[in-house]
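Student: Return atomic coordinates for the entry below.
(one chain, ligands or ions: 2)
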Amino acid sequence: MSLGIAVIGTGRMGADHVRRIDSVIGGARVAAVADLDADRAREAAAGIEGCSVHTDPAAAMDAPGVAAVLIASSGPAHEAALLEAFARGLPVLCEKPLTPDPAGTLRVMEAELRLGRRLVTVGFMRRYDSEYQELQRTLEQGELGRALMLHCRHRNAQSPPFFTTEMLIRDSVVHEADATRWLLGQEVTAVQVLRPRPSSGAPQGLGDPQLVLFETSGGVVVDVEIFVNCGFGYEVHCEAVCERGTASIGAGSGLVTRGAGRAARAIPEDFTVRFAEAYDREVRAWVDGIRRGRVEGASAWDGYAAALVCEAGVRAQECGERVGVELPERPALYA
Ligand SMILES: NC(=O)c1ccc[n+]([C@@H]2O[C@H](COP(=O)([O-])OP(=O)(O)OC[C@H]3O[C@@H](n4cnc5c(N)ncnc54)[C@H](O)[C@@H]3O)[C@@H](O)[C@H]2O)c1
Ligand SMILES: O[C@H]1[C@H](O)[C@@H](O)[C@H](O)[C@@H](O)[C@H]1O
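Tutor: Numbers count the residues shown, from 1 in each chain. Ligands and ions are numbered 1, 2, ... in the order given. Now for the predicted structure:
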């Protein structure tokens, strides 16, 4: 029998996940959707047989046939939805950030610890991207020697209207916080943020772009250019500089055209294009895991570690200094 999923939040990502569950991956179906905006929820559920429509996330989780929850509401709404899923013992895939602040993430992790079993997967989809996976394997195999530096670029064509300077870190650089931990198997121990003059292409008051520096427990230095209003497309690059060579991803390998004295390759418009396959693989792995009684992917601990890195990043944005990341001991549940 297919796994009945309640999708909470049917905006840009949620609607895309509804489509994915309904028509891309096998073994699951959208049993219910919820969005504060009833029209948006209805639109996402249109044509899906047996899918009930709600404005209250808890009501969607109580709908007949629901056995798992996918949370794609706005970040501040994640915590309440996660706790509702826990109250029902439902496994949950929650879009990043797990919650926007470490205090909320800690409450979620502690609630899961009280349950004594893992229910949460955090939607850090880069872990499912084939290029990132190849880079991770290359670094793990060690043929290039130990990693010394990562140079990362993270560019969005434009930010949504509600984006704030803090969100450059908490909503965008949170991906590099997780990717750094996952690629290197090391923790981020300190963060600095350099702020060039804001681009005239960024909304008034938004400190965009920024250069974020991580130091890791293994002595690697990571620089992240975050530029969420670059204007020209979506780019995520990562180059690892190792002792005997480099390995890089994100250059794009699509069609190249030549003409009128120029060579050209399209740049993806946004993350739904660049990471389409990664989202498919992430949701498929989550569904397959649940069907086999396992919880796959990034854990609440990973969400918490990333949130602590981002908290240090926001403090570094404000004070202009290097800010240390204080990570507590990892609970045994997440060993
Ligand atoms: N993994 C990725 O690459 C990626 C990409 C984009 C967004 N995201 C994440 O996905 C989440 C959603 O982002 P989005 O771009 O789709 O935003 P969005 O604004 O398009 O959609 C959010 C939806 O949540 C609904 N909502 C808000 N509070 C709610 C509540 N309490 N109950 C029910 N519905 C509620 C809103 O009405 C809206 O329709 C965020 O956590 C975001 O960070 C992840
Ligand atoms: O919510 C989105 C999403 O996480 C994207 O993957 C990232 O590139 C954007 O910067 C962020 O705003």
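Student: So which residues of the stretch 1-150 of the chain form helices?
Tutor: For the stretch 1-150 of the chain, the helices defined by DSSP state H, counting those that start in this stretch cover 12-23, 38-45, 57-61, 78-87, 102-115, 130-141.
Student: mind checking which of those helices is nearest ligand 1?
Tutor: Proximity to ligand 1 (C-beta to the nearest ligand atom) singles out helix 12-23 among the helices of the stretch 1-150 of the chain, at 3.5 Å. Backbone N, C-alpha and C define where each C-beta goes, glycine included.
Student: mind checking which of the helices of the stretch 1-150 of the chain is nearest Tyr279?
Tutor: helix 12-23 (6.4 Å; C-beta to C-beta).
Student: Now do the buried residues in the helix or strand harbouring Ala307.
Tutor: Secondary structure assignment for Ala307, by DSSP states H and E: helix 300-319. Within helix 300-319, the residues scored as buried using 16 or more other C-beta atoms under 10 Å are 300-314, 316-317.
Student: now do stretch 130-145
Tutor: Within stretch 130-145, the residues that count as buried by 16+ other C-beta under 10 Å are 131-133, 135-136, 138-139, 144.
Student: just stretch 269-284 next, same as before
Tutor: 271, 274-275, 278-279, 281-284.
Student: ok, back up a step: and the helix holding Ala307, what other elements does it pack with?
Tutor: helix 102-115, strand 120-123, helix 165-167, helix 174-184, strand 188-194, strand 210-216, strand 323-324 (3 or more C-beta pairs under 8 Å, 6 or more residues apart in numbering; DSSP states H and E).
Student: is it up against ligand 1 anywhere?
Tutor: No: judged by C-beta under 6 Å from any ligand atom, helix 300-319 makes no contact with ligand 1; its nearest approach is 11.3 Å.
Student: Pull up the residues of this structure that are close to ligand 2.
Tutor: 96, 156, 171-172, 175, 228, 271.
Student: Mind checking which of these land in helices?
Tutor: Mapping these onto helices (DSSP state H) picks out 175, 271.
Student: Out of the residues of the chain next to ligand 2, which are close to ligand 1?
Tutor: 96, 171, 271.
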